[in-house]
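Enquirer: Just a sequence and a predicted model for now, questions to come.
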Amino acid sequence: MSEQLTLAQLAEKLGAELRLVNGASGNQIPTGLNTLQDAGENQVSFLASANYRRFLAETRACAVLVTADQAEACPVSALVVANPYLAFAQATAIYDDAPRYAPGIDATASVHPTAEVHESAAIGPGTVIEKDVKVAAGVVIGPGCVVGAGSEIGARSRLFPGVVVYHGCYIGTDCIVHANTVIGADGFGFAPSEGRWNKIHQLGGVEISDQVEIGACSCIDRGALGNTVIGRGVKIDNMVQIAHNVQIGDYTAMAACSAVAGSTVIGKQCTIAGGVGIVGHLTIADRTHVTARTLVTKSIENAGSYSSGTPFSESRAWRRNAVRYGQLDQMARRLRELETTLAMLSTETSTESQASGSE
Amino acid sequence: MSEQLTLAQLAEKLGAELRLVNGASGNQIPTGLNTLQDAGENQVSFLASANYRRFLAETRACAVLVTADQAEACPVSALVVANPYLAFAQATAIYDDAPRYAPGIDATASVHPTAEVHESAAIGPGTVIEKDVKVAAGVVIGPGCVVGAGSEIGARSRLFPGVVVYHGCYIGTDCIVHANTVIGADGFGFAPSEGRWNKIHQLGGVEISDQVEIGACSCIDRGALGNTVIGRGVKIDNMVQIAHNVQIGDYTAMAACSAVAGSTVIGKQCTIAGGVGIVGHLTIADRTHVTARTLVTKSIENAGSYSSGTPFSESRAWRRNAVRYGQLDQMARRLRELETTLAMLSTETSTESQASGSE
Amino acid sequence: MSEQLTLAQLAEKLGAELRLVNGASGNQIPTGLNTLQDAGENQVSFLASANYRRFLAETRACAVLVTADQAEACPVSALVVANPYLAFAQATAIYDDAPRYAPGIDATASVHPTAEVHESAAIGPGTVIEKDVKVAAGVVIGPGCVVGAGSEIGARSRLFPGVVVYHGCYIGTDCIVHANTVIGADGFGFAPSEGRWNKIHQLGGVEISDQVEIGACSCIDRGALGNTVIGRGVKIDNMVQIAHNVQIGDYTAMAACSAVAGSTVIGKQCTIAGGVGIVGHLTIADRTHVTARTLVTKSIENAGSYSSGTPFSESRAWRRNAVRYGQLDQMARRLRELETTLAMLSTETSTESQASGSE
């Protein structure tokens, strides 16, 4: 449940300097947060980007998170901070009214007698905790989750409903895993023989560091031999596929529908946009940015921004260009021939020209 | 369970004119539906497209849904309607033998005492209904679903097994949500600071209008501030990702594996093909069609068909052209140079020519 | 639990010839498997590709699976086999310590009285088995799975947690379905009428043959009329979407995030790489290979390798080329004009040249 803070208390919590406009009171109790355009008179807003500055003058918010520079232009009370977007993020935690769950194991949960569940943890209805699992203090799991034999869930982590953690996986502290995500399913490994596929049992696990958030319906496969490893503070969106033995460096973020094939190593503080694919056995440098829907087919040695794909357009124009794409190599060779012919012709003409000029 | 209707009764239900062939009886009871090619003598078929007309002459179906124009050519009894494909759709409802669920709350479900579950609703085994949830008349939920605190499910809606609805979400009437889909998980929002990601708690919800169908393993994230909104009659396929604060207009359809990034507004009656990606903060005009696998990177102001991508081909040919793609800008510049050189040369030659001609 | 085999017993199980190095004993009990680089002194390794041969000389493994050719170069005991990768796959089964489940129906499972569950099957906590379901010998289902009315699960098949099988689906013997995958949800079929979508109830089912493995969070839709069919020994990775009435031939493999639209027929022994899309109503020849992220838009009549897409590069270079892509058709026409002009000019110059040469 969101706290009932006065503006003055909110300012203190956020480390903000409260500059009240005429007649405003630090005792006002804001009801929540909203954008500059949509905020009502009891809501706090924020100015995080110059793009939104034009909305500042007409906001109805009771107070706005701004930098000192912007405070002058603020028509309502200002909450002056160094980084308004960061302060806004901190404020969202205060006003989040998501339900909290009381410690304890629901009567309909199945907890194996050898599992160690901390007394401050909350295990929701229908959740299954298998043999030798360890659930640390303050953890909230379920409803309807499964944590496989020998896996561990670190302190204060949250598994939303329907999350499945296979056996032998480790999730660190302060992690969030959203609904129906699967951690530790078998990597896709088969030895071909006589036209058939022979399963390579996946003997490794998954190791997720602290402060990791993973969206809904994502998959992080267990390693074939050794673990798949997700670094500290990594943020992964919905429907992201991480194959066996991938390693993702600390504080890297991956947007929805991105996918990484087996054994690829992604550096630290990378930002991988939505729909990106990265093929297997590559190495991606720290602080690499990959734009939406790019397919990365080679290792990236230097930080920078990388892209692939073609621009979209009306289908009719697109079709004309797409047909030409299939002729590109031929076009390039024709271009080369033209250059050669033209070079010869220029020489010839020049010679002729000289010849006729010398007449 | 499918109903036991005679041909005559079926015709009446579908508003069709029954034209019996010699010897056929309106009292025959068809067992179901099938294509013109595969229908047996007790099955009803349909001719919905001129492409399939060639199969009409040899069908063994006991009756065929056709337009008046096509009825002449029908060798078996005809069910004459204005729109055979629509009549076929209506007939599939009649012959659908999917299990129905009796009203009531399964003994293994967990329903919070403050939740209001209509007596005609069916709550399946293991389903969890949290605090203050409202479940309307005729709803079927479960098994194994979770409906979070304060959420509402409108009359006659169906949540298939494993669906997770987070707190504070609203689903309208006559909706269908397929298995393991997640509604209301957190949008992907973080404020960067000192190389780390600070979570922006997602304070909005999800608002799904009436007659919406959502496929399996799809995700519709809750809004950051304000709601993510899905319009009336929208149809969404499997594995579709809808990010926070997206709005989708009435009667738009989105095929499998499509994805829409944050705050994008999609118009009404759009058709988004499979695998399409739409980046964030765009506006897409009503009645826009986007072809398979297109990445939409700018707002679309006019209805029409839009595409991106390159044609597929044998890998060897593809590789040659793909290499040239990386030289495209260089090729364009060389082309320009050639044009310039050739223009100069033409002038020169023409001068020479005139010169030598004037000799 | 992994078995405690001596090297000699392991050799026997794998049909390998054990060539012990000086002082080594066939009675040593290896603890597991690892790569040549990482194996410890109690682990068995394998040399499956010439690429890894350089690691052989320095391996610390107690024994290595090698071919007879490679055995000479092996510094430790050799397990000589015809196909080391296949033998490695077989060995992974031996050392897999994934939990096994005792036969029986968990007290929290809901099994309909008309369902036939073999006494050797294991039904996990919270799993729901509906009316008329048949579960064969040695099957393991759950926790938290749902098997819909009338569906069948063949002998020794394994449904991991959260798998949903709708009504009227058939899964063969020795299949594996990973967590949260959905089998038999409705295909995406609607008849448009007056700007709205009218649901076509999906009356077919899903038919999955023997020895099929399906990854996590994948979807295989039921047929509209007739079944969606997955052939024998097919291997499907995570987040793969198979639409209604698709048919996939025996021993085809499909990597993660690939998708096949409705009614497409894929041949036998095809290999479909990650992220591939195949549009509807196509036929793909046996033994076709499709490279990562390709969009297949036409039927493929001949086995071979097929690709689409453009290479990735630094965003700056990419942008220059991407802009040119939108000019491709224009470039092609300009190229043609240049060729024409140049051809005319060459003739002219050549004539001039002859003319002046003849002077």
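Expert: All right, it came through fine.

Enquirer: C-alpha from now on. contacts and neighbour counts both.
Expert: Fine.

Enquirer: and residue A:170, what is it in contact with?
Expert: Listed by Cα atoms under 8 Å, 6 or more residues apart in numbering or on different chains, the contact set of residue A:170 reads A:151, A:152, A:153, A:154, A:205, A:206, A:207, A:208.

Enquirer: Could you turn the buried ones of the residues you listed into a ChimeraX selection?
Expert: ChimeraX command restricting the contacts of residue A:170 to the buried ones, with burial defined by 16 or more other Cα atoms under 10 Å in any protein chain shown:
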select /A:151,152,153,154,205,206,207,208
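
Enquirer: Go through the contacts of residue A:170 and flag which are in strands.
Expert: Among the contacts of residue A:170, the members found in strands (DSSP state E) are A:152, A:153, A:206, A:207, A:208.

Enquirer: In those residues, find the pair that's most separated.
Expert: A:153 and A:206 (11.9 Å; Cα to Cα).

Enquirer: Show the backbone phi and psi for residue A:213.
Expert: Dihedral pair for residue A:213: phi -120, psi 140, per degrees, to the nearest 10.

Enquirer: Neighbours of it, how many?
Expert: Neighbour count for residue A:213, taken as other Cα atoms under 10 Å in any protein chain shown: 22.

Enquirer: what pairs with it across the strands?
Expert: For residue A:213, the residues forming beta bridges with it (DSSP bridges) are residue A:176, residue A:235.

Enquirer: Quick check: the gap between it and residue A:267.
Expert: Separation of residue A:213 from residue A:267 (Cα to Cα, to the nearest Å): 17 Å.

Enquirer: Closest one of the ones in strands among the contacts of residue A:170 to residue C:237?
Expert: Looking at these and their distance to residue C:237, the nearest is residue A:206, at 17.5 Å (Cα to Cα).

Enquirer: what residues are up against that closest one?
Expert: Residue A:206 touches A:168, A:169, A:170, A:183, A:184, A:220, A:221, A:222, A:223, A:227, A:228, A:229, counting by Cα under 8 Å, 6+ apart.

Enquirer: Can you report how many residues neighbour the fourth one?
Expert: Just to be clear, that refers to residue A:183. 29.

Enquirer: give me phi/psi at it?
Expert: Dihedral angles (degrees, to the nearest 10) for residue A:183: phi -120, psi 120.

Enquirer: what's near enough to touch the residue of the stretch 1-150 of chain A found nearest chain C?
Expert: Distance from chain C to each residue of the stretch 1-150 of chain A (Cα to the nearest Cα) is smallest for residue A:126, at 6.4 Å. Going by Cα under 8 Å, 6+ apart, residue A:126 touches A:106, A:108, A:109, A:110, A:142, A:143, A:144, A:145, B:126, C:125, C:126.

Enquirer: how about 7 Å then?
Expert: A:108, A:109, A:110, A:143, A:144, B:126, C:126 (Cα atoms under 7 Å, 6 or more residues apart in numbering or on different chains).

Enquirer: what does the model give it for pLDDT?
Expert: At residue A:126, the pLDDT value in this model is 98.

Enquirer: now do the one 3 residues further on
Expert: pLDDT, residue A:129: 98.

Enquirer: Pull the number of nearby residues for it.
Expert: Residue A:129: 28 surrounding residues under other Cα under 10 Å.

Enquirer: how many other residues sit next to the nearest residue to it once chain neighbours are set aside?
Expert: For residue A:129, ignoring the flanking residues on the chain, the nearest one in space by Cα to Cα, 6 or more residues apart in numbering or on different chains is residue A:111 at 4.6 Å. By other Cα under 10 Å, the residues close to residue A:111 number 23.

Enquirer: low-confidence ranges in chain A?
Expert: Along chain A, the model assigns pLDDT under 70 to residues A:1-3, A:349-359.

Enquirer: Give me every residue in it lying close to chain C.
Expert: A:126, A:149, A:164, A:167, A:180, A:182, A:185, A:188, A:191, A:195-196, A:198-201, A:203, A:217, A:219, A:225, A:294-296, A:305-311, A:320-321, A:324, A:338, A:352 (Cα under 7 Å from any Cα of the partner chain).

Enquirer: Of these, which belong to helices?
Expert: Taking DSSP state H, the ones among these that sit in helices are A:320, A:321, A:324, A:338, A:352.

Enquirer: Closest one of these to residue B:48?
Expert: Of all those, residue A:320 has the smallest distance to residue B:48: 31.5 Å, by Cα to Cα.

Enquirer: can you pull the contacts of the residue nearest to residue A:129?
Expert: A:128, A:129, A:130.

Enquirer: Can you name the residues in contact with the host helix or strand of residue A:11?
Expert: Element membership for residue A:11, per DSSP states H and E: helix A:7-14. Here helix A:7-14 makes contact (Cα under 7 Å, 6+ apart) with A:17, A:18, A:26, A:27, A:28, A:29, A:30, A:79, A:87.

Enquirer: Pretty sure the fifth one sits in a strand.
Expert: No - with the criterion set as DSSP: H, G, I helix; E, B strand; the rest coil, the secondary structure at residue A:28 is coil rather than a strand.

Enquirer: Done for today, thanks.
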